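Chemist: Got a predicted structure here, sequence first:
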Amino acid sequence: MTKPVFRFAPSPNGRLHLGHAYSALLNADFARKFGGRLLLRIEDIDLTRCRPDFEKAIYDDLAWLGLEWEKPVRRQSEHFDDYRAAAAKLKGRELLYPCFCSRRQIADAVTRKESETARPWPRDPDGAPFYPGTCKALEAGEAARRIAADEPHTWRIHMAAAQALAPEPLFFQRFDDAGHMETVEAHPSRWGDAVIVRKDVPTSYHLSVVVDDALQKVTHVVRGKDLEAATDLHVLLQALLGLPTPLYHHHDLVLDRTGDKLSKSLRSESLADLREQGWEASEVRRRLGFSPQPTPRT
């Protein structure tokens with residue numbers, strides 16, 4: 001049997017906090033427990049917010065925690081061609097369509113529909129309103145003309161068409177701390193016609209993570225419960241692209257004193273902040289429920 005492959009995949013758009021530390025340590029703990037490998041992936045498709053100094057800080061923080069990972073590290077910004085190829089497959093099956101709408105235009109369209117129906121418009125698990133389908137009705141020639149004119153656009157998945165081609169129902173396997181398995185049914189339709197290729201780069205989080213997990217032969221995905229719902233969409237993309245579906249584990253989130261999840265955007269206290277306050281890595285590990293000292297890999 002091949003060794004299980006785990007990965008920790010942060011974005012270098014800010015400093016790591018205790019939530020990242022927990023996820024990284026849990027991946028390392030599972031890799032040790034199951035006799036597997038641990039990869040580090042830098043998810044830096046956001047070319048505006050991701051910075052080299054934040055990437056260096058990721059390496060420094062993880063090393064401070066006593067973690068080791070295989071090299072070389074995969075940096076998503078160096079592999080846009082892989083994501084273009086995957087998107088081309090979906091376009092070739094007419095499962096993606098271009099969308100030229102701005103966020104304001106989408107919000108206005110949703111407001112009109114809510115006014116017409118006197119009912120709340122459906123929203124995806126992240127709270128964003130379903131795309132109302134404005135550009136889905138564009139004629140092919142009109143869409144091609146606007147693309148040729150370099151009009152900014154995303155590519156959205158045609159959810160109904162995608163589900164018609166994918167196995168129905170879709171399932172994935174979830175594992176717990178003891179390695180016990182549970183079969184879970186995926187419901188990708190709750191994402192609506194989600195963006196699969198962004199305006200600024202030839203991919204999205206959803207597409208790139210699915211492609212990377214397959215190329216890196218990741219067998220076990222361990223990430224926070226805030227990404228649990230995204231698994232439904234990922235399983236659909238894996239089925240459409242003919243990619244393997246890893247096993248999944250979604251762990252509890254580390255919360256702040258007010259009960260909110262830690263977040264870079266909220267400037268939650270970082271690991272670097274804790275170091276400056278005199279914290280030792282062993283204290284962080286103990287606080288998060290792990291052995292104060294790294295367990296040697298065998």
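Modeler: Perfect, thanks for sending it.

Chemist: Listing request: residues of this protein with sub-threshold pLDDT.
Modeler: In the predicted model of the chain, residues 1, 264-267, 296-298 satisfy pLDDT under 70.

Chemist: need the strands for it, in chain order.
Modeler: Counting by DSSP state E, the chain has strands at residues 5-8, 37-42, 70-75, 96-99, 154-157, 170-175, 181-186, 195-197, 220-224, 247-251.

Chemist: Residue 128: which of the ones you listed is closest?
Modeler: Of all the strands of the chain, it is strand 195-197 that lies closest to residue 128, at 9.6 Å by C-beta to C-beta. Bear in mind the C-beta positions are built from the backbone N, C-alpha and C, glycine included.

Chemist: And that closest one, what does it pack against?
Modeler: Under the contact criterion of 3 or more C-beta pairs under 8 Å, 6 or more residues apart in numbering; DSSP states H and E, strand 195-197 touches helix 80-92, strand 96-99, strand 154-157, helix 205-215.

Chemist: repeat that for 6 Å
Modeler: Judged by 3 or more C-beta pairs under 6 Å, 6 or more residues apart in numbering; DSSP states H and E, the packing partners of strand 195-197 are strand 154-157.

Chemist: Give me the contacts around the strand it packs on.
Modeler: Contacts to strand 154-157, defined as C-beta atoms under 6 Å, 6 or more residues apart in numbering, come from residues 96-99, 193-199.

Chemist: Go again with 7 Å.
Modeler: 87, 95-99, 131, 193-199 (C-beta atoms under 7 Å, 6 or more residues apart in numbering).

Chemist: Spatially, which two of the residues you listed are the most separated?
Modeler: Spatially, the most separated pair among these is 95 and 199, at 18.8 Å (C-beta to C-beta).

Chemist: how about the contacts of strand 154-157 in TSV, adding neighbour count and distance to residue 215?
Modeler: Output for the contacts of strand 154-157, formatted as TSV (neighbours: other C-beta atoms under 10 Å; distance: C-beta to C-beta, whole Å):
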residue	neighbour count	distance to residue 215
87	21	15
95	25	20
96	24	20
97	21	26
98	20	26
99	24	27
131	23	29
193	22	26
194	23	22
195	19	22
196	25	17
197	26	18
198	17	20
199	13	24
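
Chemist: looking at it, residue 286 is touching residue 280, isn't it?
Modeler: No: look at residue 286 against residue 280 with C-beta atoms under 7 Å: they stay out of range, at 9.4 Å.

Chemist: so how far is residue 122 from the closest residue to residue 79 other than its chain neighbours?
Modeler: Residue nearest to residue 79 in three dimensions, not counting chain neighbours: residue 212, with 7.6 Å by C-beta to C-beta, 6 or more residues apart in numbering. Computed as C-beta to C-beta, to the nearest Å, the residue 212 to residue 122 distance reads 30 Å.

Chemist: Could I get the CA-only coordinates of stretch 236-255 as PDB?
Modeler: Once non-C-alpha atoms are left out, stretch 236-255 reads as follows in PDB (Å, rounded to 0.1, in the frame of the first residue of the first chain):
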ATOM      1  CA  LEU A 236     -18.400  17.500  -7.900                       C
ATOM      2  CA  LEU A 237     -15.400  19.000  -9.600                       C
ATOM      3  CA  GLN A 238     -13.400  15.800  -9.000                       C
ATOM      4  CA  ALA A 239     -16.100  13.700 -10.600                       C
ATOM      5  CA  LEU A 240     -16.300  16.000 -13.600                       C
ATOM      6  CA  LEU A 241     -12.500  16.100 -14.100                       C
ATOM      7  CA  GLY A 242     -12.000  12.400 -13.500                       C
ATOM      8  CA  LEU A 243      -9.900  13.000 -10.400                       C
ATOM      9  CA  PRO A 244      -9.700  10.900  -7.200                       C
ATOM     10  CA  THR A 245     -11.600  12.000  -4.100                       C
ATOM     11  CA  PRO A 246      -9.500  12.100  -0.900                       C
ATOM     12  CA  LEU A 247     -10.800  11.200   2.500                       C
ATOM     13  CA  TYR A 248     -11.800  14.300   4.500                       C
ATOM     14  CA  HIS A 249     -11.700  15.400   8.100                       C
ATOM     15  CA  HIS A 250     -13.000  18.800   9.200                       C
ATOM     16  CA  HIS A 251     -11.800  19.900  12.600                       C
ATOM     17  CA  ASP A 252     -13.300  22.300  15.100                       C
ATOM     18  CA  LEU A 253     -12.100  25.900  14.800                       C
ATOM     19  CA  VAL A 254     -10.000  27.700  17.400                       C
ATOM     20  CA  LEU A 255     -12.100  30.600  18.700                       C
END
